[in-house]
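J.: sequence first, then the predicted structure, then my questions.
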Amino acid sequence: MASAKEEINESSKETKKEKKKEKELESIKNPELQKKKKSRKITIILILIITITILICFFSVIFAFVQNGRNTIVNGISAKGVELSNLTISDAKAKLAEQINKEISTPIKLKYEDYTLDINLSEIEFKYNIEETIKEAYKVGRTENILESNYSILFTMLNGKELETKYSFSEEALNKIIETVDANLPGKVVEYSHYIEDKELIVTPGKDGKKVDNEKLKEKIIQAILNRDSQIQNKDYEEISIPVYDKVADKIDMQKVRDEVYCLPKDAYLIKEPFELVKDVNGVDFSISVEEAQNLITGDKEEYTIPLKITPANKTVADLGDEAFPHSLASYKTNYDAGYRDRSTNLRLAANKINGLVL
């Protein structure tokens, strides 16, 4: 019985195969029929593509309309680790500002051996641009291109987006702080220096020591601020080790010293409009050659003396007289007895103290 059924099934399969072959042969023999079938398939595919495209456009427009109708930031946006999703602009500003204020309220302590220096971030005018960050967050998914906006919204919802918060600080203020650190560093290098005393130049040699790596310290300070998180508020301060390196003091260069002290005499003069009094300057130069001066820098003396040639100006402020001081601001007269020796002595001493002095 089972074998009879199997034979019937096999027979049915063979029949179907034969019919299929016949149709294929018929199609080959009839090109027009084959073209119609292909055309029908293409039509169906095109209809499906058009239908899907229309549906996508329809839902995109609806989705964009709904999103544009919202006055909140799209889901998935954050900045400085602060979640800004579904917040209004004002709420997002307040939330981000609260977090940033916690981060920048903690001072930085610079330390090297026993030396420390505290820096408040307000001293270097460090600020985050909260306004710009929130504007950027609100713009996500709000472009003129609907498809681009929808893609941006969906991508942000699925993957999240951490916005970079731009910052600013006073480079000049930070450089001054680093100069202060360098000036007070224990065991710091001391470069040679010089000063004028009467008609002599006193040169003091330098000493080897430590030097602050300015650029590295600046980078450490900024990176420490940027890498802060919400836990920083639990600290009294954040400590940074001051990077230093060994520095050999410069050798005394008398040509350089001469260039720094050399000056031609300059006369005093007046500028009337606007009124300005330019004081006289004495000329200064070595009274010996630079080579002779360099030869005096020998041994391990604590200081070296170089003779100077001082050339006075031809016209001093005192020589300008009434031209420089045309207005009498006050006057006073008193009589005294020349025979009263004590008073005469006092007047002479007082007059000598202020003689030639211009205030």
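T.: Ah, there it is. Numbers count the residues shown, from 1 in each chain.

J.: and stretch 96-105, what's buried?
T.: 96, 99, 100, 102, 103, 104 (16 or more other C-beta atoms under 10 Å). The way it works is simple: take the backbone N, C-alpha and C, and place the C-beta from them, glycine included.

J.: and the lengthiest strand in the chain, average pLDDT?
T.: In the chain, with assignment by DSSP state E, the single longest strand is strand 304-311. For strand 304-311, mean pLDDT rounds to 96.

J.: begin at 12, not 1, for the rest of this chat.
T.: Yep, numbering from 12; the last one is strand 315-322 now.

J.: what lines up beside that strand in the sheet?
T.: The strands beside strand 315-322 in its sheet (DSSP bridges) come out as strand 211-215 (antiparallel), strand 294-297 (antiparallel).

J.: wait, which of those strands is closest to residue 231?
T.: strand 211-215 (32.8 Å; C-beta to C-beta).

J.: I'd like the next helix or strand past that closest one.
T.: strand 220-223 (DSSP states H and E).

J.: show residues contacting the helix or strand that that following strand is followed by.
T.: Per DSSP H and E, strand 220-223 leads on to helix 225-237 as the next helix or strand towards the C-terminus. Contacts to helix 225-237, defined as C-beta atoms under 8 Å, 6 or more residues apart in numbering, come from residues 114-115, 119, 121, 130, 132, 137, 178, 180, 185-186, 189, 192-193, 249, 251, 253-254.

J.: before we move on, the earlier item: want to throw the buried residues of stretch 107-116 into a markdown table with pLDDT and distance to residue 355?
T.: Below are those laid out as a markdown table (pLDDT from 0 to 100; distance: C-beta to C-beta, whole Å):
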| residue | pLDDT | distance to residue 355 |
| --- | --- | --- |
| 107 | 93 | 79 |
| 110 | 87 | 78 |
| 111 | 89 | 74 |
| 113 | 84 | 74 |
| 114 | 84 | 74 |
| 115 | 87 | 69 |
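
J.: secondary structure and distance to residue 261 added to those, as JSON lines?
T.: Converted to JSON lines, these look like this (DSSP: H, G, I helix; E, B strand; the rest coil; distance: C-beta to C-beta, whole Å):
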{"residue": "107", "secondary structure": "helix", "distance to residue 261": "49"}
{"residue": "110", "secondary structure": "helix", "distance to residue 261": "48"}
{"residue": "111", "secondary structure": "helix", "distance to residue 261": "44"}
{"residue": "113", "secondary structure": "helix", "distance to residue 261": "46"}
{"residue": "114", "secondary structure": "helix", "distance to residue 261": "41"}
{"residue": "115", "secondary structure": "helix", "distance to residue 261": "39"}
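
J.: most widely separated two among these?
T.: Of all pairs in these, the most separated under C-beta to C-beta is 107 and 115 at 12.3 Å.

J.: who's in contact with the residue nearest to residue 110 when sequence neighbours are not counted?
T.: In space, and not counting its chain neighbours, residue 110 is closest to residue 93: 4.9 Å by C-beta to C-beta, 6 or more residues apart in numbering. Residue 93 makes contact with 106, 107, 110 under the criterion C-beta under 8 Å, 6+ apart.

J.: could you find the closest non-adjacent residue to residue 174?
T.: residue 90 (4.3 Å).

J.: ok but residue 356 is inside a helix, no?
T.: Yes - assessed by DSSP: H, G, I helix; E, B strand; the rest coil, residue 356 belongs to a helix.

J.: so for it, what's the pLDDT?
T.: 79.

J.: burial count for it?
T.: 10 (other C-beta atoms under 10 Å).
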